[in-house]
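Asks: Okay, predicted coordinates and the sequence, questions at the end:
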Amino acid sequence: MIIPESELIINGDGSAFYIHLRPEEIADIVILVGDPGRVDMVAEYLTDIEFRHQSREFVSTTGKYNGKRVTVLSTGIGTDNIDIVMTELDALANVDFQTREPKAEHRTLTILRIGTTGAIHADIPLGSPIFSHYSVGCDGLLNWYADRDAITDAAMEEAFKKHTGWNKNLPSPYFVKADEELIARFEDATVKGVTISAPGFYGPQGRVVRLGLAMPDMLDTFESFRFGEYRITNFEMESSAVAGLARHLGHKVGTICCAIANRYLKSSNPDYKPQVRAVLEMALDRLTR
């Protein structure tokens, strides 16, 4: 199958349209960060830096940590950007950019998103690293792709919708589990998380400024949800699309977010960079062992 030019746009320099990376520039280990400025923070820990690209909010670099190549790429905010990033990363790994045909042998990337988040339980202290064992898509992105049920947990979805009295005008939520090997690698150093990916920072996360909410009791119902050993732990805006698309495309995936706010306690830590650095150091060490 030849992928038409209109469906996969390749720049004149042989790079993917938005993220401006070429196939040979991506490592098997990829760290995603939301903030473009955080790419340079991660790069401080790398040696043998090969390049630094910037296109809109997509900043990237590849270097080495513990002797292993690592690519760092910023995504900006939101699952719509993740749709771009994940599609183009997979194309770089698994499409021949010369012939425009999928490669015969699948290349599996290990993709870890590192970000910040707001916790919703009193027993999750500020600064805690939360690993998203499950990512919950309240954004609807994965619903646009065929066979989404093959990688989602239908029982958790139905229990969640029933518990919350899910509003029929909102996109149907989806639950995607992280890669089991990555869960095991970080389990002893992180909080077990079930992470809500919201399609916004204010209303979709239960914040009221001047507009009321379609689900006024959302925070309380999210906080009280239980499914076996799992509970909703935190809010952010990207992990569901990272997990959903990576799993669908055959890559290993996980998300770790540093809690810089606690919605239950109404507390926050604006000086959170040292905690984020600690998470980055731990992630780099464990990914490259």
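Replies: Perfect, thanks for sending it. Predicted model only: the values in this text are computed from it and were never measured.
Asks: all contacts plus neighbour counts: C-alpha atoms, from now on.
Replies: Noted.
Asks: For the helix or strand of the chain with the lowest mean pLDDT, enumerate the helices and strands it packs against.
Replies: Lowest by mean pLDDT, DSSP states H and E among the helices and strands of the chain is strand 267-268, with a mean of 86. On a contact count with 3 or more C-alpha pairs under 8 Å, 6 or more residues apart in numbering; DSSP states H and E, strand 267-268 meets strand 252-262.
Asks: at 10 Å instead, please
Replies: strand 110-119, strand 252-262 (3 or more C-alpha pairs under 10 Å, 6 or more residues apart in numbering; DSSP states H and E).
Asks: Which residue ranges of the chain form helices?
Replies: Taking DSSP state H, the helices of the chain run over residues 37-43, 79-94, 154-164, 180-186, 218-224, 239-249, 273-287.
Asks: and the gap between residue 113 and residue 229?
Replies: 23 Å (C-alpha to C-alpha, to the nearest Å).
Asks: These two: which is more packed in?
Replies: residue 113 (26 against 6; other C-alpha atoms under 10 Å).
Asks: can you pull the contacts of that one?
Replies: Applying C-alpha atoms under 10 Å, 6 or more residues apart in numbering to residue 113 gives the contacts 30-34, 72-75, 131-132, 238-239, 242-243, 253-257, 283.
Asks: what sits against residue 225?
Replies: 159-160, 163-164, 231-233.
Asks: Next, it: phi, psi?
Replies: phi -70, psi 130 (degrees, to the nearest 10).
Asks: okay, it: pLDDT?
Replies: At residue 225, the model reports a pLDDT of 97.
Asks: With the one 3 residues further on instead?
Replies: In this prediction, residue 228 carries a pLDDT score of 97.
Asks: quick one: it from residue 42, how far?
Replies: 36 Å.
Asks: tell me the centre residue of this structure?
Replies: For the chain, the residue nearest the mean C-alpha position is residue 239 (3.1 Å; C-alpha atoms, centre = their mean).
Asks: Just to check, that residue is in contact with residue 199?
Replies: No - with contact defined as C-alpha atoms under 10 Å, residue 239 does not reach residue 199; the gap is 11.1 Å.
Asks: which residues in the stretch 1-150 of the chain form strands?
Replies: 29-33, 47-55, 58-65, 68-74, 95-96, 101-102, 110-119, 129-137 (DSSP state E, counting those that start in this stretch).
Asks: Out of these, which one sits most buried?
Replies: strand 129-137 (a mean of 28; mean count of other C-alpha atoms under 10 Å).
Asks: quick one, that one and strand 110-119 angle?
Replies: Relative orientation of strand 129-137 versus strand 110-119 (axes from the mean of the first three to the mean of the last three C-alpha atoms, to 10 degrees): 90 degrees.
Asks: Just checking: what are the partner strands of strand 129-137?
Replies: Applying DSSP bridges, strand 129-137 is found paired with strand 174-177 (antiparallel), strand 191-197 (parallel), strand 252-262 (antiparallel).
Asks: Now do the second one, average pLDDT.
Replies: Mean pLDDT, strand 191-197: 97.
Asks: measure stretch 144-151 end to end?
Replies: 14 Å.
Asks: same question, stretch 97-112
Replies: Using C-alpha to C-alpha, the end-to-end distance of stretch 97-112 comes to 25 Å.
Asks: how far away is residue 78 from residue 100?
Replies: 28 Å.
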